[in-house]
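> here is a sequence together with a model predicted from it:
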Amino acid sequence: MWPAFWMLGDDIGSVEWPACGEMDIMESIGKTPSTNYGSIHGTGFIGEQIGTAYTLANGAKFGDGFHTFGILWSPKLIKYYVDSPTNVYATYTPSSLPKGAVWPFDTGKFFFILNVAVGGSWPGPPDSTTIFPQEMLIDYVRVYAEPAS
């Protein structure tokens, strides 16, 4: 299973992926239930090239309870956190990108996607250990904007 909470640039219809930019806020792979993956993708940096894993302590699993996954995002900075904005586990800026890559996250125009994929290139196909049915429970999605100065 591959549940995810992510964002794509709203210009995907005109510039296509990955030029529109992608921010993966929460990605979990069924084979690693204690780990959340946060990553960014764009022209010149696709795949798992710019991503960080956050693993819960003491063998806890994300599916055992509700957790808060978030990003603090401004035009030139993205911070990833789990359960509290003070629990930042990854920070990305334009200088995080490989040479020649383009930072697409300064437009401020992105939309959310919440989905559960069954199999895929990263987790692989379902097998005899895959449990069905599955569900992804979402309590809320919030978006905050910094107050204008």
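Yep, it's here.
> was I right about residue 91 contacting residue 77?
Yes. In this structure residue 91 lies within contact range of residue 77 using CB atoms under 8 Å: 7.1 Å. Backbone N, C-alpha and C define where each C-beta goes, glycine included.
> okay, and residue 6 sits in which element?
strand 2-9 (DSSP states H and E).
> run through who's touching that strand.
15, 17, 19-30, 69, 104, 107, 109-120, 122-123, 136, 138, 141 (CB atoms under 8 Å, 6 or more residues apart in numbering).
> mind doing that once more with 7 Å?
Applying CB atoms under 7 Å, 6 or more residues apart in numbering, the contact partners of strand 2-9 are 20-29, 69, 104, 107, 109-117, 120, 122-123, 136.
> got it, and stretch 140-149?
residue 112.
> can we see that at 10 Å?
5, 25, 66, 68, 70, 72-74, 85, 108, 112, 114 (CB atoms under 10 Å, 6 or more residues apart in numbering).
> spatially central, which residue of this protein would that be?
residue 24 (1.8 Å; CA atoms, centre = their mean).
> where along this structure do the helices fall?
12-15 (DSSP state H).
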